[in-house]
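Give me coordinates for this.
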Amino acid sequence: MPSVDRKEMKNLKRSPWAWIPTLYLAEGLPYVAVMTISVILYKRMGVSNTDIALYTSWLYLPWVIKPFWSPFVDLLKTKRWWIVTMQLLLGAGFAGIAFTIPAPFFFQATLAFFWLMAFSSATHDIAADGFYMLALDTNRQALYVGVRSTFYRVATIMGQGLLIILAGLIESATGTWGCLSACAAARALSLHKAGARMTPRLWTGRYIRRLCSAWGWARC
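A predicted model of the protein is given here:
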């Protein structure tokens, strides 16, 4: 049997413990960053309460309207592709915020990156939940639902607690939030790398055809 067989079979037999924690940490952190940290950031940067309330309230819109583009996530590419790509965009969004905070037009620039993160996070939610349903049978879905919820809550606590404390410490030491955004970007990209490595490939039609080609089967 070719070596690709062993590699692919190992991939498909990967334990859910290898990918569920990172998947749902990556789902929870961006939501908290967009909905909570953005408000605190703008307040500390001297933006008026009126502007904060007006513009950050719109950041929730992608999660409200995500059912409208969820069919495209189902039809285009695979759930795994969407997960890995959105995690990369989330890391890029954090990095963009870090680079634009010192700019004179920081409010418009960081708001644009928060919008990018909001749409990426909402799309990631669609793909992650769909992937969870496809990767596990009914019994294992029930078995790991607690793990899934726990790591999502851990991400929420980290975002609303630890990240805010870290932001205060960094701001006191450096006078800016740029370092925190850079750290968040590094964290998001590390989750992206972990997700790309540990999230298994599913037996989709496209994936089966690729395996057939690798194994040298004429028809599949």
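
Pull the residues that contact stretch 120-132.
Here stretch 120-132 makes contact (C-beta atoms under 8 Å, 6 or more residues apart in numbering) with 20, 23-24, 26-27, 30-31, 34, 62-63, 66, 69-70, 73-74, 79-80, 82-83, 86-87, 89-90, 93, 141, 148, 199, 202. Placement of C-beta: from N, CA and C, glycine included.

try it again with 7 Å
For stretch 120-132, the external contacting residues (C-beta atoms under 7 Å, 6 or more residues apart in numbering) are 23, 26-27, 30-31, 34, 62-63, 66, 70, 73-74, 79-80, 82-83, 86-87, 89-90, 93, 148.

just for this protein, where's the confidence low?
In the predicted model, the chain carries pLDDT under 70 at residues 1-14, 167-168, 170-220.

For it, which segments are assigned as strands?
With strands called from DSSP state E, the chain shows none.

Could you list the buried residues of the longest helix seen in it?
Counting residues, the longest helix found in the chain (DSSP state H) is helix 106-135. In terms of neighbour count (16 or more other C-beta atoms under 10 Å), helix 106-135 has its buried residues at 106-107, 109-111, 113-132, 135.

now swap in stretch 140-157 and tell me
144, 148, 151-152, 155.

ok, so of the residues you listed, who is nearest residue 43?
residue 155 (22.6 Å; C-beta to C-beta).

got a list of what that closest one touches?
So residue 155 contacts 24-25, 28-29, 32 (C-beta under 7 Å, 6+ apart).

Please name the nearest non-neighbouring residue to it.
Leaving aside its chain neighbours, residue 155 sits nearest to residue 28 (2.7 Å; criterion: C-beta to C-beta, 6 or more residues apart in numbering).
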